[in-house]
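Colleague: quick check, what structure comes out for this input:
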Amino acid sequence: MNAKKNIGLALHAVSELKNKLEPARWQKLKLVVAGGYDHRVRENVEHLLELTNLAKELGISDNVEFKTSIPDKELKELLRQCKCVLYTPTNEHFGIVPIEVGWSKRPVIAANSGGPLESIVHGETGYLVPPNKKKFSSCLLELLSDTNLAERMGQAAHEHVKIKFSIEAFERKLANVFYEMLSDKKSI
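Modeller: Numbering: from 1, shown residues only. Predicted coordinates for the structure are as follows:
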C-alpha cells in the first residue's frame, strides 16, 4: 500500500454514504482495502497508519478493514463476496486489477485516466469517473441500491474481459499479427 494508489479517495467516498444509507445498511457496509504491503518499507508502514487514522477521523473505522499482502485464494474469495471494487489510482499504467475484477464478474468504479480507460466500459462494465469522493460515492450508491445493476455490470465485465483480454483473445490478436506480416511479405 502506497500513496500513489490514492486509497484515501475510497475512504472519503465511503464516508459520503454514511448519511445516505439507512443505519441498518450502513452497519452492514464494509470497505475492504486489500493490497501489497511490506512492513520493511517505511512508506508502507507510514501510509497504512495514515489510512487507519483517516478512517477514524471520518468516523468509518468500523466499516473499514485493511488486509495486507493477502494470498490469491483469499483475494478470490473477497472478489466473490464483494458488490464492486473501487480502483482509485490516477494515471495508473494498464493495471491488472480491473481485469481480475471483471473476470470475477464484479463491476469496477475507477478514475477516468490511464489503464482503466482500456479495461472498463463506462456504464456497462463499471464506471469511469473523475477522481473525487462525490463521483465515486454516487456510483457506489447506485450499485448498492440496485442489486440487478451490479450483477448485470459484473456479467458484462466478465464478457468484456473474455473478449478483449483472455488467452484466446491474445491468441487471435497474435495470429492476426502473423497473418498481416505474411500478407505483407507476399505483396513485395
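
Colleague: what ranges do the strands span in the chain?
Modeller: Taking DSSP state E as the test, the strands found in the chain are 31-35, 64-68, 85-87, 108-111, 126-129.

Colleague: just name the most buried of the ones you listed.
Modeller: A comparison of the strands of the chain by mean neighbour count, using mean count of other CB atoms under 10 Å, puts strand 108-111 on top with a mean of 26. For every residue, glycine as well, the C-beta is placed using N, CA and C.

Colleague: that strand packs against which elements?
Modeller: strand 85-87, helix 97-103, strand 126-129, helix 133-145 (3 or more CB pairs under 8 Å, 6 or more residues apart in numbering; DSSP states H and E).

Colleague: please repeat the previous calculation with a cut-off of 10 Å.
Modeller: When contacts are defined as 3 or more CB pairs under 10 Å, 6 or more residues apart in numbering; DSSP states H and E, strand 108-111 sits against helix 7-16, strand 85-87, helix 97-103, helix 116-119, strand 126-129, helix 133-145, helix 147-165.

Colleague: residues in contact with the spatially most central residue of the chain?
Modeller: What sits nearest the mean C-alpha location of the chain, by CA atoms, centre = their mean, is Y87, with 3.4 Å. With contacts defined as CB atoms under 10 Å, 6 or more residues apart in numbering, Y87 is in contact with 5-6, 9-10, 95, 97-98, 101, 108-111, 114-116, 119-120, 126, 128, 136.

Colleague: rerun at 6 Å
Modeller: Shown in contact with Y87 (CB atoms under 6 Å, 6 or more residues apart in numbering): 97-98, 108, 110.

Colleague: find the nearest non-adjacent residue to it, please.
Modeller: A110 (4.0 Å; CB to CB, 6 or more residues apart in numbering).

Colleague: please name the bridge partners of the one you found.
Modeller: Judged by DSSP bridges, the bridge partners of A110 are Y87, L128.

Colleague: settle this for me: it is touching P116, isn't it.
Modeller: Yes: look at A110 against P116 with CB atoms under 6 Å: they come within range, at 3.9 Å.

Colleague: mutual contacts of the two, please.
Modeller: Going by CB under 6 Å, 6+ apart, no residue sits against A110 while also sitting against P116.
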